[in-house]
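In: below are the sequence and a predicted model for it; my questions follow.
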Number of protein chains: 2
Amino acid sequence: MEKEGLEVAGKKIGKQTIRFVNKPIISGMCSVVGTKEGQGPLKEYFDVILQDDMYNEKTWEKAESKMLKEAVMTAAKRSGVSTEEIDVMLTGDLLNQLMSSAFMARDLHIPFIGLYGACSTMTQAMLISGMIVDGNFATNVLAGASSHFCTAERQFRMPLEHGNQRPPSAQWTATAAGAVCISAAPNENVKNLVPPPKTICLTEGTIGKIIDTGMKDANQMGAAMAPAAVDTLLNHLEDTGRSPDYYDIILTGDLGFIGKDIAVDLLTDAGLNRGILQNIYDDCGTMIYEKEQDVHSGGSGCGCSASVYTGWLFRRMRKGEINRALILSTGALLSTISPFQGESIPGIAHAVALETM
Amino acid sequence: MEKEGLEVAGKKIGKQTIRFVNKPIISGMCSVVGTKEGQGPLKEYFDVILQDDMYNEKTWEKAESKMLKEAVMTAAKRSGVSTEEIDVMLTGDLLNQLMSSAFMARDLHIPFIGLYGACSTMTQAMLISGMIVDGNFATNVLAGASSHFCTAERQFRMPLEHGNQRPPSAQWTATAAGAVCISAAPNENVKNLVPPPKTICLTEGTIGKIIDTGMKDANQMGAAMAPAAVDTLLNHLEDTGRSPDYYDIILTGDLGFIGKDIAVDLLTDAGLNRGILQNIYDDCGTMIYEKEQDVHSGGSGCGCSASVYTGWLFRRMRKGEINRALILSTGALLSTISPFQGESIPGIAHAVALETM
């Protein structure tokens, strides 16, 4: 693609926020979810719903890796490019050494950057991908993230066979993957879709700081991550000079029911209008399951926000039902051994602002 | 800092390579190494040598995290800025959930991006940091990586107390951390150093693909990573139209003695001149220890290349002893459970080209 009239690249605004001057677009997207997620309230929106969470693989880890691969390959295809035309791919997951991402990327022969941000990975990947495209280093970049209930449980909690009880504050790791293709401009062979969808542009991004308020209960992830989401959101609003109702929707990653309530309280304490927040703020972890699905405090995992953005949000934006969105995936950066060393749970959240045109 | 006369941002050249049009610089750097590394042939070059690898902490993981913190804070200080003036920090390590990085970043309140690239992390971090600065999204960015023999052994191999024997092909994970501050231009308060050091600029970067040739022996990391290093190097030369002797030195991350020999053989097979390679090509894993230090096939770990670049290479470049360098950190992206699922070891290498001015 010839790039003419390109602006001098991005711009830092305020303390933590960057502006994408050339407005990269989401040119393709895909969501792949497990059986339980496919029975939830968003089932009409997901692209692929598995019949069996093993996905015809021999291990859960390989199933998760295959889900992520399906998501990134379909996102590329829908953007109108072959995987050979993808300049670089940035993905991450919850598994040690990014097993899902590494084994997915091994098969695709695309330049690869591995990210770890726990459940904040999707916006982390989109933020960096946006900078790479806006900065003119690439034309098409894939960003994605995945999680799987069974791989996460065995790595972070108990062997599933143990059948242990979960406290009411625990969240349910979503079996889900989502990916987007971020491009400098719409690719030629998808320009003539009827009806023409709206184009979703990345306009700003806010890079999160680690916030740790001393929470030590690994069954209270929402509470551990809420202060990080609030910090990033407040910094985003300050840096951009916007009030929350600039956006049609503000969507956090996976604070779940408890974390979402805490976030609303903290934001209200910080001076934001509770009524406005109740109208425009929601959390992917509270949206992906029905409460009756026995998920206690809601969904979590990198794939939770990745699939809700790519399945529900971006689909609605392309239809013009939502035109300005701020997404903030949230991560709990504890390790499998840090609690045994007496450590509390560090939280982080990265934000990406999106607008249709 | 006012930015005038800024070029339109970076440029993709060839398949995997990007050019930094505004030439970001390495404005500060620091290396922190353990006792064994401080007895090796590069001991004169490192900034901090620990007296005790516990570094006055209660666990090895906390010691590693403190080493990384010391490295990033000193790199910032030497670049003439306070940590508040750092726009974003990108680091990674070998530990599950990036424990060293997350707990280091928790204390610093700097916007944070976590990376996982196994031992390729240092060039991965420098590459993305370079794009962020060159693309005008930030003025000062910290990039760093760390590893610790004791944390890596207990996570990836055997409990140290077990005292198991290591095969001759095994490498020794370096207890080391390295960090650089990458800036748009020299900061005011370090402009008047006497004698004025040379300025090190980032000129190009090549993003690696995952290469997996089917190696399954986790005690043969060098052999597993060498094909990835060769692939990235050959792509870099093709994309830039350069021959190896364009550079004064080409330095791979940590292939060790066996992997280095394999790399030279593969490069010779690909048509490069063996004599030239023997003059200009070296590997950080073969440089950091004496063979008599009982490290078998040499050093490894994210901190190995990070400390050799920041301690030895960049110091020599600032003196003008080396003026053009290509660095390629190499990572083995196996997970702690992938070998048990019958998987081979995926390798990756990212390259950064540097020139003095």
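Out: In hand now; what should we look at? Numbers count the residues shown, from 1 in each chain, chains lettered A, B, ... in the order given.
In: going forward, measure contacts between C-alpha atoms and count neighbours the same way
Out: Will do.
In: give the rounded mean pLDDT of stretch A:222-235.
Out: Averaging pLDDT along stretch A:222-235 yields 97.
In: other residues contacting that stretch?
Out: The contact list for stretch A:222-235, computed with Cα atoms under 8 Å, 6 or more residues apart in numbering or on different chains, reads A:15-17, A:206-213, A:215, A:252, A:254-260, A:262-263, A:266-267, A:328-332, A:345-351.
In: keep those residues, but drop any that are not near chain B.
Out: Counting by Cα under 8 Å from any Cα of the partner chain, A:15-16, A:207-212, A:346 from those sit close to chain B.
In: out of those residues, which are buried?
Out: Neighbour counting by 16 or more other Cα atoms under 10 Å in any protein chain shown classes A:15-16, A:207-212, A:346 among these as buried.
In: mind putting these into CSV with pLDDT?
Out: Shown next, in CSV, are those (pLDDT from 0 to 100):
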residue, pLDDT
A:K15, 94
A:Q16, 97
A:I207, 98
A:G208, 98
A:K209, 97
A:I210, 97
A:I211, 97
A:D212, 96
A:P346, 96
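In: for the residues you listed, which one is nearest chain B?
Out: A:K209 (4.2 Å; Cα to the nearest Cα).
In: can you count the residues close to the residue in the stretch 251-357 of chain A positioned nearest to chain B?
Out: Residue nearest to chain B within the stretch 251-357 of chain A: A:S335 (5.1 Å; Cα to the nearest Cα). When counting by other Cα atoms under 10 Å in any protein chain shown, one arrives at 22 neighbours for A:S335.
In: make sure it is actually in contact with B:Q97.
Out: Yes. When contacts are counted by Cα atoms under 8 Å, A:S335 is listed as touching B:Q97 (5.1 Å).
In: what subset of the contacts of stretch A:222-235 is buried?
Out: Using 16+ other Cα under 10 Å as the burial test, these include A:15-17, A:206-213, A:215, A:252, A:254-260, A:262-263, A:266-267, A:328-332, A:345-351 as buried.
In: those residues in strands, which ones?
Out: A:17, A:206, A:252, A:328-332, A:347-351 (DSSP state E).
In: which helices and strands sit right next to the helix or strand A:G275 falls within?
Out: For A:G275, the host element (DSSP states H and E) is helix A:274-280. Counting contacts by 3 or more Cα pairs under 8 Å, 6 or more residues apart in numbering or on different chains; DSSP states H and E, helix A:274-280 packs against helix A:256-269.
In: helices or strands up against the helix it packs on?
Out: Packing partners of helix A:256-269 (3+ Cα pairs under 8 Å, 6+ apart): helix A:221-240, helix A:274-280, strand A:281-283, helix A:284-287.
In: contacts for that helix?
Out: Taking Cα under 8 Å, 6+ apart as the rule, helix A:256-269 contacts A:169, A:171, A:221-227, A:229-230, A:274, A:277, A:282-286, A:297-300.
In: one more time with 7 Å
Out: With contacts defined as Cα atoms under 7 Å, 6 or more residues apart in numbering or on different chains, helix A:256-269 is touched by A:171, A:222-223, A:226-227, A:230, A:274, A:283, A:285-286, A:297-299.
In: roughly how far does the spatially most central residue of chain A sit from A:S183?
Out: The centroid of chain A falls nearest to A:M122 when counting by Cα atoms, centre = their mean (3.2 Å). A:M122 sits 16 Å away from A:S183, going by Cα to Cα, to the nearest Å.
In: and if you look at A:L202?
Out: To A:S183, A:L202 is 10 Å away according to Cα to Cα.
In: and A:D107, by the same measure?
Out: In terms of Cα to Cα, A:D107 sits 22 Å off from A:S183.
In: ignoring the adjacent residues along the chain, who's closest to A:I110?
Out: Using Cα to Cα, 6 or more residues apart in numbering or on different chains and skipping the chain neighbours, the partner closest in space to A:I110 is B:K209 (5.6 Å).
In: if we can go back for a sec, who wins for neighbours among the contacts of helix A:256-269?
Out: That'd be A:G222 among those, by other Cα under 10 Å, with 33 neighbours.
In: what is the burial count for A:F340?
Out: Neighbours around A:F340, by other Cα under 10 Å: 9.
In: that one and B:K69, how far apart?
Out: 22 Å.
In: phi, psi for the closest residue to A:C201 other than its chain neighbours please.
Out: Once flanking residues are discounted, A:C201 sits nearest to A:I25: 4.3 Å by Cα to Cα, 6+ apart. Main-chain dihedrals, A:I25, degrees, to the nearest 10: phi -120, psi 160.
In: got a pLDDT number for A:I25?
Out: pLDDT at A:I25 comes out at 97.
In: could I get the full set of strands for the stretch 1-150 of chain A?
Out: Ranges of strands within the stretch 1-150 of chain A are A:11-13, A:17-19, A:25-33, A:48-49, A:88-93, A:112-114, A:140-147, based on DSSP state E, counting those that start in this stretch.
In: tell me the most buried of these?
Out: Neighbour counts (mean count of other Cα atoms under 10 Å in any protein chain shown) averaged over each of those peak at strand A:140-147, with a mean of 33.
In: mind listing the helices for the stretch 51-200 of chain A?
Out: For the stretch 51-200 of chain A, the helices defined by DSSP state H, counting those that start in this stretch cover A:60-78, A:99-108, A:121-134, A:149-156.
In: nearest to A:A179, out of those helices?
Out: helix A:60-78 (5.2 Å; Cα to Cα).
In: got the contact list for the closest one?
Out: Identification of contacts with helix A:60-78 by Cα under 7 Å, 6+ apart yields A:28-32, A:54-55, A:57, A:82-83, A:100-101, A:103-104, A:142, A:144-148, A:150-151, A:177-181.
In: just to revisit the earlier point, okay, the residue nearest to the centre of chain A and chain B: tell me how far apart.
Out: 12 Å (Cα to the nearest Cα, to the nearest Å).
In: again, but for A:P41
Out: A:P41 is 31 Å from chain B, by Cα to the nearest Cα.
In: who are the contact partners of A:I200?
Out: A:I200 makes contacts with A:25-26, A:317-318, A:354-357, as judged by Cα under 7 Å, 6+ apart.
In: burial of A:R154, as a residue count?
Out: A:R154 has 13 neighbours, counted by other Cα under 10 Å.
In: that one reaches A:L160, doesn't it?
Out: Yes. Using Cα atoms under 7 Å, A:R154 is in contact with A:L160, at 6.5 Å.
In: any stretches of the stretch 1-150 of chain A with poor pLDDT?
Out: Residues of the stretch 1-150 of chain A meeting the criterion pLDDT under 70: A:1-7.
In: related to what we said a few turns ago, give me the more crowded residue out of A:D107 and A:S183.
Out: Each of A:D107 and A:S183 has its neighbours counted (other Cα under 10 Å); A:S183 has more, 26 against 13.
In: I figured the more buried one hits A:S27, correct?
Out: Yes. Between A:S183 and A:S27 there is a contact under Cα under 7 Å: 5.9 Å.
In: now A:L272: closest residue in space, sequence neighbours ignored.
Out: A:P244 (7.9 Å).
In: how near is A:R157 to A:A218?
Out: 9 Å.
In: and those two? Which one has more around it.
Out: A side-by-side neighbour count of A:R157 and A:A218, using other Cα under 10 Å, places A:A218 first with 19 against 13.
In: can you pull the phi/psi pair for that one?
Out: The phi/psi pair for A:A218 (degrees, to the nearest 10) is phi -70, psi 0.
In: need the contact list for the nearest residue to it once chain neighbours are set aside.
Out: Distances taken as Cα to Cα, 6+ apart place A:I345 nearest to A:A218, at 7.7 Å, with adjacent residues excluded. Counting by Cα under 7 Å, 6+ apart, A:I345 makes contact with A:212, A:214-216, A:224, A:332-334.
In: make it 8 Å
Out: A:212-218, A:224, A:332-334.
In: and what of A:N219?
Out: Counting by Cα under 8 Å, 6+ apart, A:N219 touches A:167, A:169-171.
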